[in-house]
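Asker: for reference, the sequence and a predicted model appear below.
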Amino acid sequence: MAAVDLVAEFPQPAGATRWAEVMARFAAGLGSQGRRVVLVTSGGTKVPLEARPVRFLDNFSSGRRGATSAEAFLAAGYGVLFLYRARSAFPFAHRFPPQTWLSALRPSGRAPPGLLSLEAEEKSLPGFAAALRSYQEAEAAGTFLAVEFTTLADYLHLLQAAAQALNPLGSSAMFYLAAAVSDFYVPASEMPKHKIQSSGGPLQITMKMVPKMLSPLVKDWAPQAFIISFKLETDPAIVIDRARNALEIYRHQVVVANILDSRRSFVVIITKDSETELLLSEEEVEKGIEIEEKLVDDLQSRHTAFIRDKN
Ligand code: 9Z3
């Protein structure tokens, strides 16, 4: 579906124009420093079933893959544009939900007026101070920008704007499309205006197919960029074929195949002429190593080779 249809079919979210400008400035600033920039998409899209929505079709994705990968890309020196589902996992914060620090952090009472001083035993919040430091370093360096989406319409418009922001960076831009995007939606013109009534009996809904955004991304919006999509299946018997199929249709550089139940410890990196399995051993899991560290490390090398080949 062409960009013009996208706009017609999905209402533009409030603030999209301003976000497009902010993203363009972010990418241009980092590009002028010669830094690589990655767009990490993360979390699931939500699809309304009614015009004034009471009910939605939602998605299981927690955003952990995206959040952990964003941390690894920042550590590798990338600028990270993090397009994420509101209230899903957030880099540096997702290991510390409020329940963990509400009781661990105590006001120390020693702060000068106007300042807040908190203390905690290191062992009650392991890694908290280091995570805070990493986040604040990225903020100070201007290498991290987070942009929120909730609905499928938000996601599609913001993805287009992000792609256009990164396009001037050519092959230095990477797209890491880990968000779980709905395949189906109800067009605005076919939505019931008011809440669907249960007195009408059992519900039958016909949903339309969502346009595949990989096509315009690869062909029109950022044709020089290094593009990685993810393929998720629940059936291990079909995931590799499905991933290869996506690679053939869209002609981007990499598909990462993963299976719902094993996604934290096993992924397969698929390119036109290779298939690389990444696996976490039990020992590595015990040490707190996450599969995204290996994945980002591998993809970073592939990106380096990609840039070299383009020049
Ligand atoms: C993924 O496959 C991600 O790895 C997960 C991560 C969503 C499984 P969590 O957020 O999980 O850490 O809980 N993302 C892409 C899923 C997707 O919708 N892919 C499309 C498909 O499979 C292709 S773009 O058809």
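Answerer: Cool, the structure landed. Numbering: from 1, shown residues only.

Asker: would you mind confirming that Met213 makes contact with Leu159?
Answerer: Yes. Counting by C-beta atoms under 8 Å, Leu159 is a contact partner of Met213 at 5.9 Å. C-beta: built from backbone N, CA, C; applies to glycine.

Asker: stretch 270-290 close to the ligand?
Answerer: No. Using C-beta under 6 Å from any ligand atom, stretch 270-290 stays clear of the ligand, with a minimum separation of 10.3 Å.

Asker: which residues does that stretch contact?
Answerer: 68, 240, 243-244, 247, 253-257, 264-269, 291, 294-295, 298, 302 (C-beta atoms under 8 Å, 6 or more residues apart in numbering).

Asker: the ligand contacts on this protein?
Answerer: Proximity of the chain to the ligand, by C-beta under 6 Å from any ligand atom, involves residues 61-65, 177-178, 180-181, 229-232, 258, 263.

Asker: which one of those sits in the busiest neighbourhood?
Answerer: Per-residue neighbour counts (other C-beta atoms under 10 Å) across the residues of the chain next to the ligand peak at Arg65, which has 28 neighbours.

Asker: what's the burial count for Ala243?
Answerer: Close neighbours of Ala243, defined as other C-beta under 10 Å, add up to 24.

Asker: ok, now which ones touch it?
Answerer: Residues near Ala243 by C-beta under 8 Å, 6+ apart: Lys231, Val255, Val256, Ala257, Val268, Ile270.

Asker: now with 7 Å, please.
Answerer: Counting by C-beta atoms under 7 Å, 6 or more residues apart in numbering, Ala243 makes contact with Lys231, Val255, Ala257, Ile270.

Asker: Serialize the residues you listed to TSV and add fields for pLDDT and secondary structure.
Answerer: As requested, the contacts of Ala243 are arranged in TSV below (pLDDT from 0 to 100; DSSP: H, G, I helix; E, B strand; the rest coil):
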residue	pLDDT	secondary structure
Lys231	98	strand
Val255	98	strand
Ala257	98	strand
Ile270	98	strand
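
Asker: nearest to the ligand among those?
Answerer: Nearest to the ligand among the contacts of Ala243, counting by C-beta to the nearest ligand atom, is Lys231 at 4.5 Å.

Asker: look up phi and psi at the closest residue to the closest one other than its chain neighbours.
Answerer: Closest residue to Lys231 apart from its sequence neighbours, by C-beta to C-beta, 6 or more residues apart in numbering: Ala243 at 4.1 Å. Main-chain torsions, Ala243, degrees, to the nearest 10: phi -70, psi -40.

Asker: cool, and the one 3 residues further on?
Answerer: Reported as degrees, to the nearest 10, the phi and psi values for Ala246 are phi -60, psi -40.

Asker: how about it, nearest residue that isn't a chain neighbour?
Answerer: Distances taken as C-beta to C-beta, 6+ apart place Val255 nearest to Ala246, at 5.3 Å, with adjacent residues excluded.

Asker: and the contacts of stretch 270-290, which are buried?
Answerer: Among the contacts of stretch 270-290, those scoring as buried are 68, 240, 243-244, 247, 253-257, 266-269, 291, 294-295, 298, 302 (criterion: 16 or more other C-beta atoms under 10 Å).

Asker: brilliant, that's me finished.
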